[in-house]
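Asks: Sequence and predicted structure below; questions after.
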Amino acid sequence: MPFALSANMKMIPAALVCAAFSMSLSSIVLAGQKADDMAAMDMSKMPSSTSQTSYPAVGVVKAVDAAAGKVTIAHEAIKSLNWPAMTMTFMVKDKMMFDKLTVGKKVEFQVAKQGTDYVVTGVK
Ligand SMILES: [Cu+2]
């Protein structure tokens with residue numbers, strides 16, 4: 001079935017060309033709107049399929065609580081998240097990362113949103 005779907009998708013531009021010669025302008029606009037709806041549907045699927053997106057960040061480790069799996073980092077602005085620079089506490093995904101999270105150290109790290117929490121998913 002996926003093959004049949006992709007075959008149909010490839011045929012749409014050809015159909016639109018035919019429509020341009022043989023159909024009214026309103027039919028072409030309608031076809032365009034259908035294409036927009038499909039694009040919007042694809043967009044709405046993105047948050048769930050990319051919920052593990054990691055955002056790169058840089059900051060200085062301020063405090064470590066390995067037992068609780070948390071680290072406090074004074075991070076620089078994270079443009080991809082629209083965050084200003086601030087000091088905040090993150091959950092740490094893998095306790096192995098505490099090897100690299102030393103108080104006072106400047107680290108490059110990755111942040112991902114998990115539920116309502118922001119989690120450090122990687123440290124360089
Ligand atoms: Cu922050």
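Replies: Perfect, I can see it now. Residues are numbered from 1 along each chain as shown.
Asks: all strands in the protein, in order from the N-terminus.
Replies: 54-65, 70-75, 86-92, 106-114, 117-123 (DSSP state E).
Asks: Which among the ones you listed is found nearest to the ion?
Replies: If you check each of the strands of the chain against the ion by CB to the ion, strand 86-92 wins as the nearest, at 3.9 Å. The C-beta positions use only the backbone N, C-alpha and C, and glycine is treated the same way.
Asks: got a list of contacts for that closest one?
Replies: 62-63, 69-75, 98, 101, 111, 114, 117-120 (CB atoms under 8 Å, 6 or more residues apart in numbering).
Asks: pretty sure residue 65 contacts residue 71?
Replies: Yes: contact criterion CB atoms under 8 Å: residue 65 and residue 71 qualify, at 7.3 Å.
Asks: which stretches of the chain have low pLDDT?
Replies: Counting by pLDDT under 70, the chain has low-confidence residues at 1-51.
Asks: for the ion, what are the nearby residues on it?
Replies: 83, 86, 88 (CB under 5 Å from the ion).
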